[in-house]
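K.L.:
From the sequence below, what's the structure:
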Amino acid sequence: MKRTIGLLTIILFAYGCSREKEDAPDRYFVGEIVSFDLNCSNCILRFPNDSITIKQAIGISRNNYYQTINLEKDTFKISQRVLVKLRKAEDRELSACITLYPSNDYRNIYIIDFKPDE
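P.N.:
Reported below is the predicted structural model:
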């Protein structure tokens, strides 16, 4: 019995650690800041060069705009381009602002890493 519980714990832990790798692309995508959600103070991105790839990985979003759940608007400006690694946002990661007082109906994405597009 202890062996079964130990094995199950190891499998669940390994799955949990590998989940981010499965959902996250290994490359950076060029995103453009098109707007800010003024309720939640986060950025709205579009992906001009990779819209088909993003639609397949994340899903279709209105106007090809995606709401970031973890990029603060104070760090960016409209029309700024940024390189991002991303994945679908999980329900447990969404803030109360996004779920209770949505300003828009864009798909939510989680930015794993970003850097300026030079």
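K.L.:
Find the residue closest to Y66 in space, skipping its chain neighbours.
P.N.:
Leaving aside its sequence neighbours, Y66 sits nearest to I109 (CB to CB, 6 or more residues apart in numbering; 4.8 Å). In short, each C-beta sits where N, CA and C put it, glycine included.
K.L.:
That neighbour sits in which helix or strand?
P.N.:
strand 107-116 (DSSP states H and E).
K.L.:
Report how many residues lie close to the residue nearest to Y66.
P.N.:
Neighbours of I109 under the rule other CB atoms under 10 Å: 25.
K.L.:
after the helix-or-strand element of the chain with minimal mean pLDDT comes which helix or strand?
P.N.:
Least confident helix or strand of the chain, by mean pLDDT, DSSP states H and E, is helix 2-23 with a mean of 56. On the C-terminal side of helix 2-23, the closest following helix or strand by DSSP H and E is strand 29-37.
K.L.:
Quick one: residues contacting S41.
P.N.:
By CB atoms under 8 Å, 6 or more residues apart in numbering, the residues touching S41 are E72, K73, D74.
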